[in-house]
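1. Based on what follows, work out the 3D shape:
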Amino acid sequence: MSDQHDHDHDHEHVHDGEAPVMKVVGEEHDRSKGTARPITVVGNPVLHRECKDVTVFDAALSELIDDMFMSMYAAEGVGLAANQIGVDTKVFVYDCPDDDNTRHIGHVINPVLEELPAARRVLDDGNEGCLSVPTAYAELPRPDYAAVTGQDKDGNPIRVEGTGFFARCLQHETDHLYGYLYIDRLSKRDRKDALKQMAEGTAKYATVPNA
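-> This is a model prediction of the structure:
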């Protein structure tokens, strides 16, 4: 997912000459590990089908996660799904702020979004962007709370929950692994506009050209 957070939320702006201290949940990625790979873009078949479940938790999976973090950072994103670097497997990584000045860092394997109780179905009308639809943004209502269950790289069960912008990220990345881009949830008119923005823009990171 692209980072539009600084533009959409005022709480991170500097007040009285001092920037707020951001709390961190999770461990920062060791940037000496992993290699950045180019990003697949809308139209690439791997983005438009459900990815395969992970069944083997080994060194190759850990290496993939390292590459995904480095690919996300190279593209200046806040979340990245495996199929965005051409890998057909259910993994996503994130390094994403929420709306309460907390930075969330981690990964989820075989993610499943929990059904929300009615009381939590409050929509946030924020802007959304995607590394696989470079330079395009659109307003997309999503619940402002999300919880995802899955596994970590060692196969242990995990649950990740978030609010605001981080909730949007969890939903966005899980969508990717089931074959949906955020533009698939837009009206036809807004989807057309997003694709026009992409056609008129130039990505600031390496992408995989579609055949």
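
2. Quick check: pLDDT value at D53.
-> With respect to pLDDT, D53 scores 98.

3. again, but for the one 10 residues further on
-> pLDDT for E63: 98.

4. Surely it is in a strand?
-> No - counting by DSSP: H, G, I helix; E, B strand; the rest coil, E63 is located in no strand; its state is helix.

5. which one's the longest strand in the protein?
-> Taking DSSP state E as the criterion, the chain has its longest strand at strand 102-113.

6. That strand: partners in the sheet, and parallel or antiparallel?
-> With DSSP bridges as the test, strand 102-113 is paired with strand 23-25 (parallel), strand 91-97 (antiparallel), strand 145-151 (antiparallel).

7. Could I get the average pLDDT for it?
-> The pLDDT scores in strand 102-113 average 98.

8. pull the CA atoms of that strand into CSV?
-> Extracted in CSV, the C-alpha atoms of strand 102-113 (Å, rounded to 0.1, in the frame of the first residue of the first chain):
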residue,chain,number,x,y,z
THR,A,102,1.9,4.2,16.8
ARG,A,103,4.1,2.5,14.1
HIS,A,104,3.2,-1.2,13.5
ILE,A,105,5.9,-3.5,11.9
GLY,A,106,5.5,-7.2,11.1
HIS,A,107,4.3,-9.8,8.7
VAL,A,108,1.3,-12.1,8.4
ILE,A,109,1.1,-15.5,6.6
ASN,A,110,-2.2,-17.0,5.4
PRO,A,111,-4.2,-14.0,6.6
VAL,A,112,-7.9,-14.1,7.2
LEU,A,113,-9.9,-11.0,8.0
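
9. what sits up against it?
-> The contact list for strand 102-113 (CB atoms under 8 Å, 6 or more residues apart in numbering) reads 22-29, 53-54, 57, 61, 65, 68, 90-98, 146-153, 158, 160, 162, 166, 170-171, 173-174, 177. Where you see a C-beta, it was placed from the backbone N, CA and C, and this is true even at glycine.

10. For the residue nearest the centre of the chain, give its distance to R142.
-> In the chain, the centroid-proximal residue (CA atoms, centre = their mean) is G79; its distance is 2.9 Å. Distance of G79 to R142, computed by CB to CB, to the nearest Å: 13 Å.

11. so where's this structure uncertain?
-> Of all residues in the chain, those with pLDDT under 70 make up the ranges 5-19.

12. hey, where'd the helices end up in it?
-> In the chain, the helices defined using DSSP state H lie at 5-8, 59-74, 164-177, 188-200.

13. which of those sits most buried?
-> Neighbour counts (mean count of other CB atoms under 10 Å) averaged over each of those peak at helix 164-177, with a mean of 25.

14. could you check the angle strand 102-113 makes with it?
-> Taking axes from the mean of the first three to the mean of the last three CA atoms, to 10 degrees, helix 164-177 and strand 102-113 form an angle of 40 degrees between their directions.

15. helices or strands up against helix 164-177?
-> Helices and strands touching helix 164-177, as assessed by 3 or more CB pairs under 8 Å, 6 or more residues apart in numbering; DSSP states H and E, comprise strand 79-81, strand 91-97, strand 102-113, strand 123-124, strand 127-130, strand 142-143, strand 145-151, strand 157-163.
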